[in-house]
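A.B. asks: Quick one, structure for this:
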Amino acid sequence: MATTQGWNAPSAPGACKTGSPPTSLEVGTPTRSTTQNEPGAQGEPAMRSVALDLGKRVIEWCEVERGEVRGRGRVRALEELLGVLGPGQSKACVAFEACRESRHVHDVVQSWGQEPVVVDTTRVRAMGIGSHGRKNDRLDCEVLARALEQGHVARAHVLSDRARELRELAEQHRALTETRKRLIIHARGLARGRGWDVPECEPGQFADKLARQSLPEPYSKLLVPLLAPLQSLEPEIAAVDLRIQECAAAAPGSTLERLASVPGVSVLVASAVLSVLDDATRFHRACEVAAYFGLCPSEHSTGGKQRLGSITKRGNAYARWMLVQSAWCILRSRSVSDPLVRWAQRTAARRGRMRAAVAVARRLVRILWALWRDGTFYDPEQLRWEQARRRADQNNEPPTQADRTAQQQRAQRQAQHKLLRQQRTHQRTLHNHDLEVTHS
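C.D. replies: Numbers count the residues shown, from 1 in each chain. All right, here's what the predicted structure looks like:
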């Protein structure tokens, strides 16, 4: 007696694997459904696909529906798009590349009731922008709209309000310190041109030391005009530093203290990491964080042969520079008990100090992300045990829970002391400036 094959029963080669016995089809019956034969959806799309090409003087816009351009135009201001994307218009998904004004455009488009999509600029070539040697605002806008409709857009992360404020404060600090550096370089150059070498000192003390010296007649005419802007920059830099510390300290979970517990990490470095990452849960592994900061080596491997080059230098250049400066602090540290410092010194002896600084910066950002993700403080004993475990050291015993708790409390106190010391330094600078203004 023949048995009927079920859904999971094995069938003969070439047989139709269905839940019911195969039946014959009439001639002309299509082998695919109607929606599979027709390109795209048949009904009206749930949302329109609109792309913007943000320029300094004009903004190109293009709307694509079912692969065809439905509308396009050029405006001089974002407010002129109210007739296309305003609150009274139908729902639209609006895509534009990440740039300086993309944060403002994101907020405005969202306030209009539309869905903004910030596009990652490092992946626009994969979408077809600039292909075939043709690139202009009109074509870029159309290609971006088609990619948005097809779902091939690589989205960039939109910073939170706290991260935006930290990023803006960091840019203020960078502008002020760069201005101070240029003024000091000019002052030293003018003095050396007259045969006088200005003694070395910290940048924040340069103006005060120079003002306390009795300068001869030719030097006073050259350097005194530079002292006034230098002296006015110091309280401004201190005020911005205090605002950065206050904004970073508002992060939930004492994140600033956790990041500052790592040796070589100051408030500026911790705030730079906070403003770039914004959310630790965005990343799954530490290597993704290192690649996000551009600290991973570039790779051009093919045919089974691996070729590694210099670091990619993608992402935020200022935050990467800050991490490298922290790495140099770790390399110059005289601590012999910290495993991170010992690893940095061994790497410098083996590969050179320049490469070691980049390697330490890469490891440092991985450690900072792990502390932020796990909500813990820097624990050198735990790090030392993990390094010994990787070396398969059987004689190394893991620290007990009591030891780890005591180390966490000790690291928290050290981080609080570090932050308090930096805060008092900035407050002292502001206080001294107020006294000088009062006496003058």
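A.B. asks: so where do the helices sit in the stretch 101-250 of the chain?
C.D. replies: Along the stretch 101-250 of the chain, the stretches classed as helices by DSSP state H, counting those that start in this stretch are 102-111, 137-150, 161-193, 206-212, 217-249.
A.B. asks: Quick one: residues contacting residue 98.
C.D. replies: Residue 98 sits next to 118-121, 156 when contact means C-beta atoms under 8 Å, 6 or more residues apart in numbering. Placement of C-beta: from N, CA and C, glycine included.
A.B. asks: Relative to residue 106, how far out is the closest residue to it other than its chain neighbours?
C.D. replies: Using C-beta to C-beta, 6 or more residues apart in numbering and skipping the chain neighbours, the partner closest in space to residue 98 is residue 156 (4.5 Å). According to C-beta to C-beta, to the nearest Å, residue 156 and residue 106 sit 10 Å apart.
A.B. asks: Give the residues shared as contacts by these two.
C.D. replies: Shared contacts of residue 156 and residue 106, counting by C-beta under 8 Å, 6+ apart, come down to residue 118.
A.B. asks: returning to what we had before: show me the contacts for the residue nearest to residue 98.
C.D. replies: For residue 156, the contact set (C-beta under 8 Å, 6+ apart) comprises 98, 118-121.
A.B. asks: okay, stretch 231-244 in CSV with CA atoms only?
C.D. replies: Extracted C-alpha coordinates of stretch 231-244, given in CSV (Å, rounded to 0.1, in the frame of the first residue of the first chain):
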residue,chain,number,x,y,z
GLN,A,231,46.0,87.2,28.9
SER,A,232,42.4,87.5,27.9
LEU,A,233,42.4,84.0,26.4
GLU,A,234,43.3,82.2,29.7
PRO,A,235,40.1,82.9,31.6
GLU,A,236,38.1,82.1,28.5
ILE,A,237,39.8,78.7,28.2
ALA,A,238,39.3,78.0,31.9
ALA,A,239,35.6,78.9,31.7
VAL,A,240,35.1,76.6,28.7
ASP,A,241,36.9,73.8,30.5
LEU,A,242,34.6,74.2,33.5
ARG,A,243,31.5,74.1,31.3
ILE,A,244,32.9,70.9,29.6
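A.B. asks: Could you give the separation of it from the chain centroid?
C.D. replies: In terms of C-alpha atoms, centre = their mean, to the nearest Å, the centre of stretch 231-244 is set 24 Å apart from its chain centre.
A.B. asks: just stretch 54-62 next, same as before
C.D. replies: 26 Å.
A.B. asks: Could you list the buried residues of that stretch?
C.D. replies: 54, 59-62 (16 or more other C-beta atoms under 10 Å).
A.B. asks: Same check on stretch 117-134?
C.D. replies: Residues of stretch 117-134 classed as buried: 117-119, 124, 127-129 (neighbour count, 16+ other C-beta under 10 Å).
A.B. asks: Which of the contacts of residue 156 fall in strands?
C.D. replies: Judged by DSSP state E, the contacts of residue 156 include 118-119 as members of strands.
A.B. asks: which stretches of this protein have low pLDDT?
C.D. replies: Low-confidence segments of the chain, defined by pLDDT under 70: 1-45, 387-396, 435-440.
A.B. asks: tell me, what residue is most central in it?
C.D. replies: residue 276 (3.2 Å; C-alpha atoms, centre = their mean).
A.B. asks: Dihedrals phi and psi, residue 311?
C.D. replies: Main-chain dihedrals, residue 311, degrees, to the nearest 10: phi -70, psi 160.
A.B. asks: show me the contacts for it.
C.D. replies: When contacts are counted by C-beta under 8 Å, 6+ apart, residue 311 touches 294-298, 358.
A.B. asks: Closest one to residue 92 out of the residues you listed, please.
C.D. replies: Using C-beta to C-beta, residue 294 comes nearest to residue 92 of those, at 33.8 Å.
A.B. asks: right, and that closest one touches residue 314 too?
C.D. replies: Yes: using C-beta atoms under 8 Å, residue 294 is in contact with residue 314, at 3.9 Å.
A.B. asks: any idea how far residue 198 is from residue 289?
C.D. replies: For residue 289, the distance to residue 198 - C-beta to C-beta - is 42 Å.
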